[in-house]
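**Q** Predicted model, plus sequence, below.
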Amino acid sequence: MKKKRQPSQGKQERYIQPSILLGLYDKPSYGYELIQTIQNFGFIQGQAPPGMMYRHLRQLEEDGLVASEWNTDGSGPARRMYHLTPDGEEMLTIWIDFMDRKAENLTKFIKQYSNVRRSKR
């Protein structure tokens, strides 16, 4: 029996940064909450490693797309709260336009496959 092959998924991290930007678009958040939020976007299989998430958050902050401050409200340890900057909102729009074009191309690709497959029957 032939082993079933799976297509290459590419780097899981490819869409982490736009996922973080989208996760912060609605409201400020802290790192662990963002990990849970971006799981719903489907770009990462399994749980996103916290180290990877914080590395991307630091990079986004250095790039001026995200800003943070320590939140000491409530009980428990202080948490770093992240929010989107105006530049971050602009970059999110750029990412969405890019992804929209990719989605259109994928739709064309799938339609072409379907047309050829139908003609082979």
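**A** It's in. The structure displayed is predicted, hence computed values, not measured ones.
**Q** Could you use CA atoms for every contact and neighbour count after this?
**A** Fine.
**Q** Can you tell me the SS state at the nearest residue to Tyr15 once chain neighbours are set aside?
**A** Leaving aside its sequence neighbours, Tyr15 sits nearest to Phe43 (C-alpha to C-alpha, 6 or more residues apart in numbering; 6.5 Å). What DSSP: H, G, I helix; E, B strand; the rest coil gives for Phe43 is coil.
**Q** I'd like to know how far Phe43 sits from Gly74.
**A** With the distance defined as C-alpha to C-alpha, to the nearest Å, Phe43 ends up 33 Å from Gly74.
**Q** more neighbours, these two?
**A** Taking other C-alpha atoms under 10 Å, Phe43 and Gly74 do not tie; Phe43 has more neighbours (17 against 7).
**Q** Compute the distance between that one and Ile110, please.
**A** 20 Å.
**Q** Who are the packing partners of the helix ranked longest in the chain?
**A** If you go by DSSP state H, the chain has its longest helix at helix 86-119. Secondary-structure packing of helix 86-119 (3 or more C-alpha pairs under 8 Å, 6 or more residues apart in numbering; DSSP states H and E): helix 16-25.
**Q** neighbouring contacts of the helix it packs on?
**A** Applying C-alpha atoms under 8 Å, 6 or more residues apart in numbering, the contact partners of helix 16-25 are 34, 37-38, 41, 43, 53, 56-57, 60, 66, 82-84, 88-89, 92, 95.
**Q** So what's the gap between it and the chain middle?
**A** Distance of helix 16-25 from the chain centroid (C-alpha atoms, centre = their mean, to the nearest Å) equals 5 Å.
**Q** try stretch 113-121
**A** Worked out by C-alpha atoms, centre = their mean, stretch 113-121 lies 34 Å from the chain centre.
**Q** Only alpha carbons, please: show it as PDB.
**A** Presented in PDB, the C-alpha positions along stretch 113-121 are these (Å, rounded to 0.1, in the frame of the first residue of the first chain):
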ATOM      1  CA  TYR A 113      -8.000  21.900 -11.400                       C
ATOM      2  CA  SER A 114     -11.800  21.300 -11.200                       C
ATOM      3  CA  ASN A 115     -12.300  22.100 -14.900                       C
ATOM      4  CA  VAL A 116      -9.500  19.800 -16.000                       C
ATOM      5  CA  ARG A 117     -10.700  17.000 -13.700                       C
ATOM      6  CA  ARG A 118     -14.200  17.300 -15.100                       C
ATOM      7  CA  SER A 119     -12.900  17.200 -18.700                       C
ATOM      8  CA  LYS A 120     -11.000  14.000 -17.900                       C
ATOM      9  CA  ARG A 121     -14.100  12.100 -16.800                       C
END
